[in-house]
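Visitor: Sequence and predicted structure, then a few things I'm wondering about:
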Amino acid sequence: MQDSTISPWGAQDRFQAHFIVKINVTNPAKYAARTVLKTKGHFAAKKVESVSWNGGVLAQSLNSDATLNDLIAKHSVKDATIFVDPSDTGVRIYGKWKSAHDFKMTKDLYAIYNKIAEHVRKI
């Protein structure tokens with residue numbers, strides 16, 4: 001007989017795209033960054049007004065790129081929330097978890113992640 005209660009653990013239908021920039025990270029604090037969103041509205045009508053970055057030297061570089069921040073501000077709150085985390089052998093760029101129905105990688109999102117990777121390589 002199968003148990004009728006649903007387990008909250010196990011395989012989930014959630015996905016996350018990760019972009020890895022292979023570099024030698026000497027000072028991890030320089031490469032940590034996260035978007036800080038200024039939004040307007042509530043719930044499903046919430047829109048991103050502007051984007052800034054919080055973190056180390058990389059965040060300062062990303063804050064100075066107005067075209068990148070304008071491009072991010074055109075997306076939804078879920079797509080505009082971006083994290084940059086360093087490791088020993090590279091830097092990982094990723095967004096929020098998405099359900100199987102919402103998960104997609106558009107050309108605009110790829111361009112955003114690619115511009116962030118260019119900033120990572122410049123540091």
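Guide: Cool, the structure landed. Residues are numbered from 1 along each chain as shown.
Visitor: how about the helices in the protein?
Guide: Counting by DSSP state H, the chain has helices at residues 28-31, 57-63, 66-73, 77-80, 107-122.
Visitor: Redo the ones you listed as a markdown table? Include distance to residue 19 and mean pLDDT.
Guide: Any C-beta I mention is one placed from the backbone N, CA and C, and that applies to glycine too. Compiled in a markdown table, those are given as follows (distance: least, C-beta to C-beta, whole Å; pLDDT from 0 to 100):
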| stretch | distance to residue 19 | mean pLDDT |
| --- | --- | --- |
| helix 28-31 | 13 | 95 |
| helix 57-63 | 14 | 97 |
| helix 66-73 | 14 | 96 |
| helix 77-80 | 14 | 94 |
| helix 107-122 | 5 | 96 |
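Visitor: At the geometric centre of the protein, which residue do we find?
Guide: Nearest to the geometric centre of the chain sits residue 82, at 2.0 Å (C-alpha atoms, centre = their mean).
Visitor: Show the contacting residues for the residue lying closest to that residue once chain neighbours are set aside.
Guide: In space, and not counting its chain neighbours, residue 82 is closest to residue 35: 4.8 Å by C-beta to C-beta, 6 or more residues apart in numbering. Residue 35 sits next to 51-54, 72, 80-83 when contact means C-beta atoms under 8 Å, 6 or more residues apart in numbering.
Visitor: Is residue 35 bridged to anything, and to what?
Guide: Using DSSP bridges, the bridge partners assigned to residue 35 are residue 53.
Visitor: Starting from residue 75, give me the distance back to it.
Guide: As judged by C-beta to C-beta, to the nearest Å, residue 35 and residue 75 stand 10 Å apart.
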